[in-house]
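K.L.:
Pasting a predicted model and its sequence here:
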Amino acid sequence: MIAGVDTDLIVMGIWGLIFAIFVIKLFQSIRLVPTKSACVVERLGKYHSTLDAGFHALVPFVDKVAYVHDLKEETIDVPPQECFSSDEVNVEVDGVIYISVIDPVKASYGVTDYRYAAIQLAQTTTRSVIGTLDLDRTFEERDVISAKVVEVLDQAGATWGIRVHRYEIKNITPPETVKNAMEMQVNAERERRALLAKSEGDKQSKINRSEGIKAETINHSEGEMQRRINEAEGKAEEILAIAKATAESIERIAQVISAPGGKNVVRMQLGAQYLQQFDGLSQNASKIVLPGNMMDFEHWMDSMGLEESKD
C-alpha cells in the first residue's frame, strides 16, 4: 500500500515537472522585441526568421532566439597599437569606430564576432597606411588614414552585415625623444614667426612714420606757399593802393596848382616844410650845417615851375 502511494507521488511529480517546463517554455516563446533591435530565430538548429520590433510568438521546444542584435549606431574603441612610419619612427595610434548592424543574419552567421573583426581590420589597415607616410604627414593626413580604414571596413562589412559610418584617430603618440625634437622645432618656428611679425611691424611703423613726416612737410610747404602768396597779394594790393592814392594826391595837387593862386600855396607849404627840417636838425644835433646860399630854395622852386604867381 505504501509502495503504491510512493509510485503515484513520483508520477505526479514527474507530470508536474513536465507541466512546469511546458509553462516556462510557453512564456519563453513569447518575445517582445524593442525598437531598433532584431532577434534571429533558429528552428531545430537552422536559421528560420528574423524578428523585428514588436510582439512575436514562437513554437515551444522547436524555435529559439539564437542571436539578439542592437541596430543602433555603436562606438567601438580601437586599442592603442604601435606603427612604423616610412621614416622608421615608431608611433602609437588609437582610434574609435562608429558602426551599426544592417543585416542581422550576416552579422550572426557571416563572422564569429563582428566587433572584434572590425577592430582587428582597423588596426591592420591603420598600420599599412601609416607605413606609407613619414612622421610629419601622419599628423597632417588623419583624414586620409580615416578614409582608407572606412573604405576597407565597408568592403568587409558587406559580408559581415555591418556598416562603418566613420573612423576617427584619437591619438598619434610619437616616442619621447621625437616629441621633444618636434616641440623644439615648433618653438623655433614660433620664434621665427614672432621675429618676422616684429620686423614687419617695425617696417610698417617706419613706413607710417615717414608717410606722416612726408604729409607734414607737404602741409608745411603748402602752408608756407599759401602764406607767401597771401603776403605777395597783400603787398601788391598795398602797392596798388599807395599808387592809387599817390596818383589821386598828384592829381589833386595838380588841380590845386592849376587853380588861381595855387602855386603860391604850394610854395608856402614847401617852404614851411623846408624850414621845419632845419628846426628838427637843431633839436637833434649840436652843430647844424646850412646851405651856402639860402636862396637856392627859391631857384629850386622856380625850376619846378612853382614861380610865384603875379596874380
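P.N.:
It's in. Numbers count the residues shown, from 1 in each chain.
K.L.:
Can you list the low-confidence ranges for this protein?
P.N.:
Scanning the chain for pLDDT under 70 picks out the ranges 1-6, 19, 26, 178-179, 181-182, 253-311.
K.L.:
just the strands in it please.
P.N.:
Using DSSP state E, the strands of the chain run over residues 30-33, 37-43, 46-51, 54-57, 63-70, 74-84, 90-101, 162-173.
K.L.:
Switch the ones you listed over to CSV; also include distance to Thr125 and mean neighbour count.
P.N.:
For every residue, glycine as well, the C-beta is placed using N, CA and C. As requested, these are arranged in CSV below (distance: least, CB to CB, whole Å; neighbours: other CB atoms under 10 Å):
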stretch, distance to Thr125, mean neighbour count
strand 30-33, 34, 14
strand 37-43, 28, 18
strand 46-51, 30, 15
strand 54-57, 38, 12
strand 63-70, 24, 17
strand 74-84, 10, 14
strand 90-101, 10, 18
strand 162-173, 9, 18
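K.L.:
Including distance to Ile242, could these go into a markdown table?
P.N.:
Conversion of the strands of the chain to a markdown table gives the following (distance: least, CB to CB, whole Å):
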| stretch | distance to Ile242 |
| --- | --- |
| strand 30-33 | 119 |
| strand 37-43 | 115 |
| strand 46-51 | 121 |
| strand 54-57 | 119 |
| strand 63-70 | 112 |
| strand 74-84 | 102 |
| strand 90-101 | 98 |
| strand 162-173 | 95 |
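K.L.:
so what's the closest residue to Thr132 other than its chain neighbours up against?
P.N.:
Ranked by CB to CB, 6 or more residues apart in numbering and with sequence neighbours excluded, the top spatial neighbour of Thr132 is Ser86, at 6.0 Å. Shown here is Ser86, whose contacts under the criterion CB atoms under 8 Å, 6 or more residues apart in numbering are 131-134.
K.L.:
Give me the buried subset of the residues you listed.
P.N.:
Using 16 or more other CB atoms under 10 Å as the burial test, those include Leu133 as buried.
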